[in-house]
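K.L.:
pasted the sequence and its predicted model underneath.
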Amino acid sequence: MAIQSAQIRVSTDGDGDIVDITRGVQEIVETTGISDGAVNVFVAHSTAAVTLMEYEPGGVQDLQDLLERLVPRGADYNHNRTAGDTNAHAHLRAAVIGPSEVVPIKGGRLLTGTWQQIVLVDFDDRPRERTVMVQVVG
Amino acid sequence: MAIQSAQIRVSTDGDGDIVDITRGVQEIVETTGISDGAVNVFVAHSTAAVTLMEYEPGGVQDLQDLLERLVPRGADYNHNRTAGDTNAHAHLRAAVIGPSEVVPIKGGRLLTGTWQQIVLVDFDDRPRERTVMVQVVG
Amino acid sequence: MAIQSAQIRVSTDGDGDIVDITRGVQEIVETTGISDGAVNVFVAHSTAAVTLMEYEPGGVQDLQDLLERLVPRGADYNHNRTAGDTNAHAHLRAAVIGPSEVVPIKGGRLLTGTWQQIVLVDFDDRPRERTVMVQVVG
């Protein structure tokens, strides 16, 4: 058994941008040559998150709308007031969704569902360059 | 060290059905013979999720009520309109809760709390046959 | 490769108390001597959760306020009525946030972002002694 780590660099539009990183994760799995095991996908930023979803335009818009309704950008937040910042909503959404998911691998393929993609969600209020850590164990 | 994978098949009622899969995960842990390590529990469907909770009827109903209040089934969703679908709420709830949790094992036992069970939550709007991946490492 | 497990004991104030456990996790990573790998952080209680966030007073208060707004302590819950309990809101919040996160390690250091700390959130309605499981693999 071994654990091998790599990174995916993602340019996002911020502002709730949802990026499908499934192909990038799959390519790293193949590069490692690990056939059976699992992959940890982790984003090292406090205003972004990793989850899985069906990546289609309607559902992407629905998730953005939902988070805007539950955690509105324009509400009165302590973080914005005390830190002179404008992205408190991004911090909150990221803490609720979480930065990591662990996905099984079999025969060198991600064992995700047909309509299930691995996504990076960037909640920050401006375009960002993001690094996603991908760790394959097996 | 080794990683061993197995599956649990679960028949759900859909519609927010919450199924306690702790025993199934524990049995797989025992079958592997791995004494100390961790287990990744993952559902490969975009309308279901895995989490941990106290599995008792009141709390199960509370979680179903909460998610219906925050992410109502009957709201107007793009996914339903563009895909002619009826389960947009299920996709959203699954993306927020997430498909994976990693639970420690010691002495061949899940290190969960006394009132903490591993559950599969099926948000889809009809009964489903679900496959849960269980991966034991140690 | 090996997997090594340790525990962090945390005294919390309950009631949504958020405790930064990053240093404790980092110290365990160093004790294991594992340089490259990952760490699973897991709380074995159904009224507490683990996530990552920027640990600063404004953001901590914002997260507490958000969860009070979305999952109010004083609402009418079945768990409280049937179990004669007072912490149904704590169970719900914990099930949504989740008990585990897996964080990469490189060169013996947690690969977290500069403004990203690992936190234990204790939603229970009274002070508690909590045990956090920390498992280092690499």
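P.N.:
Here it is on my side, so go on.

K.L.:
switch to C-alpha atoms for all contacts and neighbour counts from now on
P.N.:
Fine.

K.L.:
residues in contact with the longest helix belonging to chain A: which ones?
P.N.:
Ordering each helix of chain A by length in residues (DSSP state H) puts helix A:57-70 first. Helix A:57-70 has contacts (Cα atoms under 8 Å, 6 or more residues apart in numbering or on different chains) with A:16, A:18, A:93, B:70-71, B:77-80, B:82-83, B:88, B:91-92, C:70.

K.L.:
gap between it and the chain center?
P.N.:
Relative to the mean C-alpha coordinate of its chain, helix A:57-70 is positioned 15 Å out (Cα atoms, centre = their mean, to the nearest Å).

K.L.:
if you count neighbours, what's buried in that helix?
P.N.:
Buried residues in helix A:57-70, counted by 16 or more other Cα atoms under 10 Å in any protein chain shown: A:58-67.

K.L.:
same thing with stretch A:113-130?
P.N.:
Buried-residue list, stretch A:113-130, by 16+ other Cα under 10 Å: A:116-125, A:130.

K.L.:
follow-up on the earlier one: between the contacts of helix A:57-70, which is closest to B:E30?
P.N.:
Minimum distance to B:E30 across those is 33.0 Å, recorded for B:H91 (Cα to Cα).

K.L.:
what's the distance between the closest one and chain A?
P.N.:
With distances taken as Cα to the nearest Cα, to the nearest Å, B:H91 is found 7 Å from chain A.

K.L.:
that residue against A:L52, yeah?
P.N.:
No: look at B:H91 against A:L52 with Cα atoms under 8 Å: they stay out of range, at 9.6 Å.

K.L.:
for the two, indicate the residue with more neighbours.
P.N.:
A:L52 (31 against 25; other Cα atoms under 10 Å in any protein chain shown).

K.L.:
ok, that one - contacts?
P.N.:
By Cα under 8 Å, 6+ apart, the contact set of A:L52 is A:116-119, B:46, B:95, B:98-99.

K.L.:
list the buried residues of the helix or strand bottoming out on mean pLDDT in chain A.
P.N.:
Least confident helix or strand of chain A, by mean pLDDT, DSSP states H and E, is helix A:78-83 with a mean of 94. Using 16+ other Cα under 10 Å as the burial criterion, the residues of helix A:78-83 that qualify are A:78-80.

K.L.:
chain A: helices as residue ranges?
P.N.:
Taking DSSP H as the test, the helices found in chain A are A:22-32, A:57-70, A:78-83, A:88-97.

K.L.:
just send those back as TSV, with distance to A:A38 too.
P.N.:
Formatted as TSV, those follow (distance: least, Cα to Cα, whole Å):
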stretch	distance to A:A38
helix A:22-32	9
helix A:57-70	26
helix A:78-83	36
helix A:88-97	20
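
K.L.:
how near is the residue lying closest to A:D85 once chain neighbours are set aside to B:I8?
P.N.:
Spatially, and ignoring its direct neighbours in sequence, A:D85 is nearest to A:H79 (6.8 Å; Cα to Cα, 6 or more residues apart in numbering or on different chains). Going from A:H79 to B:I8 by Cα to Cα, to the nearest Å gives 43 Å.

K.L.:
same check, this time on A:T131
P.N.:
Distance from A:T131 to B:I8, by Cα to Cα: 34 Å.

K.L.:
ok, A:M53 next?
P.N.:
Distance of A:M53 to B:I8, given as Cα to Cα: 21 Å.

K.L.:
neighbour count for the two, which is higher?
P.N.:
Between A:M53 and B:I8, A:M53 has the larger neighbour count (other Cα under 10 Å), namely 26 against 15.

K.L.:
so what's the backbone phi/psi at A:F123?
P.N.:
Dihedral angles of A:F123 (phi, psi; degrees, to the nearest 10) stand at phi -90, psi -10.

K.L.:
and A:V25, how many neighbours?
P.N.:
Neighbourhood size, A:V25 [other Cα under 10 Å]: 25.

K.L.:
these two touch, right, it and A:Q135?
P.N.:
No: with contact defined as Cα under 8 Å, A:V25 does not count as touching A:Q135 (9.2 Å).

K.L.:
for chain A, which residues are neighbours of chain C?
P.N.:
With the criterion set to Cα under 8 Å from any Cα of the partner chain, chain A comes near chain C through A:1-4, A:40, A:42, A:44-46, A:70-71, A:77-80, A:82-83, A:88, A:91-92, A:94-102, A:133, A:135.
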